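*Asks:* need the 3D shape of this:
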Amino acid sequence: MAKLTEKERKNLLKLIDILRANPNGLWIRELSRQANIHMETARRLIQKYPQVFEDYADFTIHKINLKLIKLKNENITAKNLDVAVGL
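*Replies:* So this is what the prediction gives:
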């Protein structure tokens, strides 16, 4: 896997910090709003790094476009992010 770009690292850390403050998780739209990043950017990062994020409630099977996201490991920091994402 390629090294994280600086922008990707910055956005990942925003998402991680917000989810750490919300241990019960958030839906992608709210997560992207709080991080001030586009919803598709948040969705792409969540899908690209499943070792960091997990969807613990997926309502898409009921034709409701809603997934609740939380951290798999709340101990992820800027220092150990590369290890957490498998780099």
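
*Asks:* for the rest of this, base every contact and every neighbour count on C-alpha atoms.
*Replies:* OK.

*Asks:* any idea which helix is longest in this structure?
*Replies:* Using DSSP state H, we find that the single longest helix of the chain is helix 6-21.

*Asks:* from the contact counts, what lies against that helix?
*Replies:* helix 28-35, helix 39-48, strand 67-71 (3 or more C-alpha pairs under 8 Å, 6 or more residues apart in numbering; DSSP states H and E).

*Asks:* deepest of the ones you listed, which one?
*Replies:* Mean neighbour count, computed with mean count of other C-alpha atoms under 10 Å, is highest for strand 67-71 among those, reaching a mean of 22.

*Asks:* parallel or antiparallel, which strands does it pair with?
*Replies:* The sheet places strand 67-71 alongside strand 26-27 (antiparallel), strand 53-58 (antiparallel), with pairing taken from DSSP bridges.

*Asks:* what's the angle between the longest helix of the chain and helix 28-35?
*Replies:* Counting by axes from the mean of the first three to the mean of the last three C-alpha atoms, to 10 degrees, helix 6-21 points 110 degrees away from the direction of helix 28-35.

*Asks:* re the thing from before, now render the strands paired with strand 67-71 as CSV, adding mean neighbour count and distance to Ile37.
*Replies:* As requested, these are arranged in CSV below (neighbours: other C-alpha atoms under 10 Å; distance: least, C-alpha to C-alpha, whole Å):
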stretch, mean neighbour count, distance to Ile37
strand 26-27, 18, 14
strand 53-58, 17, 17
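
*Asks:* looking at those, which is closest to Glu6?
*Replies:* When these are compared by C-alpha to C-alpha, strand 53-58 sits nearest Glu6, at 19.3 Å.

*Asks:* quick check: mean pLDDT across the closest one?
*Replies:* Along strand 53-58, the predicted local confidence has a mean pLDDT of 76.

*Asks:* and if you look at stretch 26-35?
*Replies:* Rounded mean pLDDT across stretch 26-35 is 93.

*Asks:* make 9 the first number, not 1, from now on.
*Replies:* Fine by me, first position is 9 from now on; the one you just mentioned is stretch 34-43.

*Asks:* who touches that stretch?
*Replies:* With contact meaning C-alpha atoms under 8 Å, 6 or more residues apart in numbering, stretch 34-43 is reached by 19, 22-23, 26-27, 46-47, 50-51, 74-78.

*Asks:* many thanks, we can stop here.
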